[in-house]
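A.B. asks: what would the 3D arrangement of this be:
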Amino acid sequence: MPRPLQHRRLLRAAAVCATAALTFSAAGAAGAAEPTWTETGTSYVNSLTGSQGLASRADGSLLHRGLASVPLSLRVAGWSHVGDPDIARGYTFDAYQGGDTTTKKMYAVTAPDGTRTTYEHVLDQGELLNNSFASVSPDGQWLVSGEWGTMNRLQVFPAPVLNPAAPAAGTNLPQAGQISLDRPVENIQGCDFVTGTRLLCASDDAAKEVLQVDLARPLDGKPVTGQVTTAFKIPQRSVCSGSFEAEGIDYDTTRETLRVEIVPPSPCLVTTAVISYTMK
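C.D. replies: Coordinates of the predicted model:
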């Protein structure tokens, strides 16, 4: 049996070792939880029909959206811009915005049979008219959207059609609890869920980067916080020189493939690059 002084020294040594082990374990767990995105290839789409966003279908094919993707009937109704779409449970969700004087934004939901239903949202006080993207949570219950400029939030709505709490078409689609970000983000063009508590967002800021937003918990219609970190910068490659524009983003959960769009400078902007990544 150790003497009292030795006993105290042994206890202190054990405590130091235990603390070091816990610290190492926590650091290892945290490091293991963070993915590394590895670029796997680049494809190209016509910017008129594909520069605003994309979404992966269940069969692995891609849905693209561009300025020419707005149906004539919606354009006549004043909806002149379509954002980055999403597909959930076979339904396609599109985010639409109108002109500078509009007081609403609109979401169009297209059923697997091609039937399209529109849902309008009257702008709340302080809300911008921009409607950059639509992203549906993995449980199909919540529709996440974003504005423009420098923002400290993402908007959340009950997902039309899929969420029983969502109102019927023809009535106002209200906001649910927003995602409050721990730091401002700039010019978010699109977001997509990787898990129930993690989104990846394409930011058309000066750096042209993909941001990671980690939620404190899965969306439930109540306010929730989101921690923002930088996942990686989007490559800017073109024979044309000038300003690039980051655009849509999609994560194919079945094939674990991330895709992000970037539009090159003029005159090369007629073709949009779609860069693919896998998680390592």
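A.B. asks: CA only for contacts and neighbour counts going forward, please
C.D. replies: Noted.
A.B. asks: what pairs with residue 245 across the strands?
C.D. replies: residue 263 (DSSP bridges).
A.B. asks: and it, how far from residue 201?
C.D. replies: From residue 245 across to residue 201, the span is 14 Å (C-alpha to C-alpha, to the nearest Å).
A.B. asks: one more: residue 174?
C.D. replies: According to C-alpha to C-alpha, residue 174 and residue 201 sit 23 Å apart.
A.B. asks: for residue 8, give me the pLDDT.
C.D. replies: As predicted, residue 8 sits at a pLDDT of 42.
A.B. asks: my bad, should have said residue 20
C.D. replies: Here, the pLDDT recorded for residue 20 equals 38.
A.B. asks: all further residue positions should be reported with the first residue as 780.
C.D. replies: All right, first residue 780 from here; so that's residue 799.
A.B. asks: the nearest residue to residue 858 once chain neighbours are set aside - how many residues pack around it?
C.D. replies: Leaving aside its sequence neighbours, residue 858 sits nearest to residue 877 (C-alpha to C-alpha, 6 or more residues apart in numbering; 4.5 Å). By other C-alpha atoms under 10 Å, the residues close to residue 877 number 21.
A.B. asks: circling back to that earlier point, of residue 953 and residue 980, who's got more company?
C.D. replies: residue 980 (26 against 15).
A.B. asks: for whichever strand or helix holds that one, packing partners?
C.D. replies: Under the criterion of DSSP states H and E, residue 980 resides in strand 977-982. With contacts defined as 3 or more C-alpha pairs under 8 Å, 6 or more residues apart in numbering; DSSP states H and E, the packing partners of strand 977-982 are strand 967-974, strand 988-994, strand 1024-1031.
A.B. asks: which of those strands sits closest to residue 834?
C.D. replies: Closest to residue 834 of the helices and strands packed on strand 977-982, according to C-alpha to C-alpha: strand 1024-1031, at 5.5 Å.
A.B. asks: ok, and what's touching the closest one?
C.D. replies: 830-835, 839, 862-863, 865, 968-973, 979-983, 987-988, 1013, 1036-1044 (C-alpha atoms under 8 Å, 6 or more residues apart in numbering).
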